[in-house]
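K.L.:
Structure of the sequence below:
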Amino acid sequence: MPVPVRVSPTDRIRYHIDELFAQDRSLPEILEEVARLGAQLLMQAALEAEVTEFLGRDRYQRAVASPDARPGLRNGYREVTVKTTAGPVVLAGPKLRGTTEAFASRLFGSHVTKTNAL
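P.N.:
Next comes the predicted model:
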């Protein structure tokens, strides 16, 4: 079953983890892949939480519904590869538009490609 299109990147990763356990593969193979996806999930969730904090509202929440929200909108994602001690991890970097200041992740910076966070 394909992943629905309008799903957050963290939910997409969780879906792939669930798919792995449904496959008929050896447990060591599955666990290795789950470990990689788990690292990706942690970093992606942190990145999405930073965007939520930056904008002052959750996905699909309107700015008028949140009195302390900043101007700006989520505008999709771009693929970002981060080199970690556990190997390269592909994240969905958020694209924002209409903000008064540029978003820069506290965890990864604005253009980081290497981290020792793991």
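
K.L.:
from here on, contacts and neighbour counts on C-alpha atoms
P.N.:
Fine.

K.L.:
Walking through this protein, point out its strands one by one.
P.N.:
73-84, 87-97 (DSSP state E).

K.L.:
CA atoms only: put stretch 94-111 into CSV for me.
P.N.:
Output in CSV follows, covering the C-alpha atoms of stretch 94-111 (Å, rounded to 0.1, in the frame of the first residue of the first chain):
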residue,chain,number,x,y,z
PRO,A,94,11.0,22.4,5.6
LYS,A,95,10.5,25.2,3.1
LEU,A,96,8.9,28.3,4.5
ARG,A,97,7.6,31.4,2.8
GLY,A,98,6.3,34.8,3.8
THR,A,99,8.4,34.9,7.0
THR,A,100,10.0,38.1,8.4
GLU,A,101,13.2,36.3,9.2
ALA,A,102,14.9,33.2,7.8
PHE,A,103,14.4,29.9,9.6
ALA,A,104,17.6,28.2,10.8
SER,A,105,17.5,24.9,12.7
ARG,A,106,19.2,25.1,16.1
LEU,A,107,20.1,21.5,15.8
PHE,A,108,21.3,21.5,12.2
GLY,A,109,21.9,25.1,11.4
SER,A,110,20.7,26.6,8.1
HIS,A,111,23.0,24.7,5.6
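
K.L.:
Mind listing what's buried along that stretch?
P.N.:
Along stretch 94-111, these residues count as buried under the neighbour rule (16 or more other CA atoms under 10 Å): 94, 96, 103, 105, 108.

K.L.:
Can you tell me which residue is spatially central in this protein?
P.N.:
Gln44 (2.7 Å; CA atoms, centre = their mean).

K.L.:
picking up where we left off before, tell me which two of the buried residues of stretch 94-111 sit farthest apart.
P.N.:
Spanning the widest gap among the buried residues of stretch 94-111 are Leu96 and Phe108, at 16.2 Å by CA to CA.
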